[in-house]
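1. how does the following fold in three dimensions:
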Amino acid sequence: VALKAEYIISMMEIMLGRNRTISPEGKSILTRCTRTIYKGYLRHMEELQAKGEHITWDKDAMPTLSDLYHELKRQPEAAAVTLASTLEMYAENTTTFAHRSTINTNSRFLVYNVRNLGAGSKDLGLHICLNDIWNKMIANSREGKYTWFYIDEFHLLLQSESAAEFLMSIWKRARKWKGVPTGITQNISDVLRTTNATNILNNTSFVEMLSVQENDRQELAELYRLSSEQLKYLTDNDPGCGIVYCGKTILPFNNKIPKD
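-> Below is the predicted model:
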């Protein structure tokens, strides 16, 4: 519950926007409300485990943003009124974030599509998706399962400061929880513009490089200490051909797939 309260506080700060932070009083109120709305859920989980069901979470019973909104409205402090007003747009006036998902999130293969989220909702949407993936990674690891996590258009996620920070924490901790995060992008220069992105690459032990533009080649040469001979494999090469970087080993590869 303490971790969930921290997550809710970070989510509320994204809703506030413009790098605004929640006051200590506001954090105390959110923590109190989180404890309150999770009491029934924790009793429910204890009952399930007493029956011998070995599950770590139950989507159909856990609290929603709407529950948090109504609990905030019951608090006496003026700061709680302000927090409830901030949350109202997400908890009452939209179906995107306020309710439980209708998707079977226990499927072996899941796709999180944030393309159609509006600009004002994208940071929050990314934060929620990444948190859900992280929770699944932990649950899978407890069952001895690996979680393969692929992020297409990786550079776009790094444009969000909150998402980039979350991704960096995932990259640093994932292998301890049998997680295999993989970023896919054609825009290396965009990826390398932030400190978080550089830290992510520094925590990446396997990199596959295909043909890239000249500016990107120079960035990769500096990052991975590629020689001019090695860079030839990234210059106007056929699809499926390039270089693999794995620790101190750099190897050219040819992975052409026959069209038949």
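2. hey, let's count contacts and neighbours off CA atoms from now on
-> Will do.
3. what helices or strands is the one helix or strand L223 maps to leaning on?
-> Taking DSSP states H and E as the criterion, L223 maps to helix 214-224. Here helix 214-224 touches helix 188-191, going by 3 or more CA pairs under 8 Å, 6 or more residues apart in numbering; DSSP states H and E.
4. for the helix it packs on, C-alpha coordinates in CSV please.
-> Below are the C-alpha coordinates for helix 188-191, written out as CSV (Å, rounded to 0.1, in the frame of the first residue of the first chain):
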residue,chain,number,x,y,z
ILE,A,188,19.3,7.3,-32.5
SER,A,189,20.0,11.1,-32.2
ASP,A,190,16.6,11.7,-30.5
VAL,A,191,17.3,8.8,-28.1
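5. residue numbering should commence at 453 henceforth.
-> Sure thing, new numbering starts at 453, so read that last one as helix 640-643.
6. so what secondary structure elements neighbour the helix or strand following that helix?
-> Counting by DSSP H and E, the next helix or strand C-terminal to helix 640-643 is helix 647-654. Applying 3+ CA pairs under 8 Å, 6+ apart, we find helix 647-654 packed against helix 613-625.
7. what angle do helix 647-654 and the helix it packs on make with each other?
-> Put simply, helix 613-625 runs at 20 degrees to helix 647-654, going by axes from the mean of the first three to the mean of the last three CA atoms, to 10 degrees.
8. name the residues that touch helix 613-625?
-> Helix 613-625 is contacted by residues 466, 575, 578-579, 582, 586, 609-610, 633, 648-649, 651-652, 655-656 when judged by CA atoms under 8 Å, 6 or more residues apart in numbering.
9. for that helix, buried residues please.
-> 614-620, 622-623 (16 or more other CA atoms under 10 Å).
10. as JSON lines, these with distance to V566 and pLDDT would be great.
-> Shown next, in JSON lines, are the buried residues of helix 613-625 (distance: CA to CA, whole Å; pLDDT from 0 to 100):
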{"residue": "S614", "distance to V566": "15", "pLDDT": "78"}
{"residue": "A615", "distance to V566": "12", "pLDDT": "84"}
{"residue": "A616", "distance to V566": "15", "pLDDT": "85"}
{"residue": "E617", "distance to V566": "18", "pLDDT": "85"}
{"residue": "F618", "distance to V566": "16", "pLDDT": "85"}
{"residue": "L619", "distance to V566": "16", "pLDDT": "89"}
{"residue": "M620", "distance to V566": "19", "pLDDT": "89"}
{"residue": "I622", "distance to V566": "19", "pLDDT": "89"}
{"residue": "W623", "distance to V566": "20", "pLDDT": "91"}
